[in-house]
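Engineer: Predicted coordinates and the sequence they were generated for:
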Amino acid sequence: MALYEELKQAYTTQVIENKSFISDNFSISKQIASALQHYLDLPSDTGKKSGAGQHLIYLRVDSTKGYIPSEDLESAVMHYPEGKFLFGLGLLLQADDQSKTKQFVNFAFSCDRTGDHLIINVLDSSFEMVFSASKPLDLALMCQHIFDDLIGGLNWRISDEIEKTRVGFDITPVDDQTG
């Protein structure tokens, strides 16, 4: 085999494997969004055009601009060469009182994959598991952690001591998400 042919074959293999890796990252991201939607018993409006009426929106995480709403999950997921990928979700919270106050709670998922080993970092905790394209991930502990962390932050009141203040997610007014 000519050396150039060997280079072409190596390149072809690299392209195929990289596309497969990225496809698996999208699968993981979809499973995370779906698991959270089901765990929190949200209406099934995920995946529609991002907007103020949607209960769970996809967010691209930008180091300078913060969370940017994305039309679909694929455009929200950012891939890095060392096997990491990052995306965000925004959860719509609505007050039941007369004010009809709405806000999004935004949080990021930083995922790291090496072979079949997967680590998901969210809200200052890590969840390690084995990823297989043929089996769904068990994300119940992660969803429980997200709920516990969010409810803990939402139970904080202005009059609470500063030591009780927890910062780990961003709360964005709805109007900023639709602009």
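Structural biologist: That came through fine.

Engineer: Every contact and neighbour count from this point should use C-alpha atoms.
Structural biologist: Will do.

Engineer: just for the chain, where's the confidence low?
Structural biologist: Scanning the chain for pLDDT under 70 picks out the ranges 1, 45-53, 157-179.

Engineer: now do 80
Structural biologist: In the predicted model of the chain, residues 1, 44-53, 97-101, 156-179 satisfy pLDDT under 80.

Engineer: show me where it has strands.
Structural biologist: In the chain, the segments counted as strands under DSSP state E are 56-62, 66-70, 78-79, 84-94, 102-114, 117-122, 125-130, 170-173.

Engineer: Need the winner for burial among these.
Structural biologist: Of all those, strand 56-62 has the most neighbours on average by mean count of other C-alpha atoms under 10 Å, namely a mean of 25.

Engineer: For it, give me every contacting residue.
Structural biologist: With contact meaning C-alpha atoms under 8 Å, 6 or more residues apart in numbering, strand 56-62 is reached by 37, 42, 45-47, 50-51, 67-73, 75-78, 86-92, 108.

Engineer: Adding distance to His145 as columns, could you present the strands of the chain in JSON lines?
Structural biologist: Shown next, in JSON lines, are these (distance: least, C-alpha to C-alpha, whole Å):
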{"stretch": "strand 56-62", "distance to His145": "17"}
{"stretch": "strand 66-70", "distance to His145": "21"}
{"stretch": "strand 78-79", "distance to His145": "23"}
{"stretch": "strand 84-94", "distance to His145": "15"}
{"stretch": "strand 102-114", "distance to His145": "13"}
{"stretch": "strand 117-122", "distance to His145": "9"}
{"stretch": "strand 125-130", "distance to His145": "8"}
{"stretch": "strand 170-173", "distance to His145": "16"}
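
Engineer: nearest to Ser29, of these?
Structural biologist: strand 84-94 (7.9 Å; C-alpha to C-alpha).

Engineer: which strands and helices sit next to the closest one?
Structural biologist: When contacts are defined as 3 or more C-alpha pairs under 8 Å, 6 or more residues apart in numbering; DSSP states H and E, strand 84-94 packs onto helix 3-39, strand 56-62, strand 78-79, strand 102-114.
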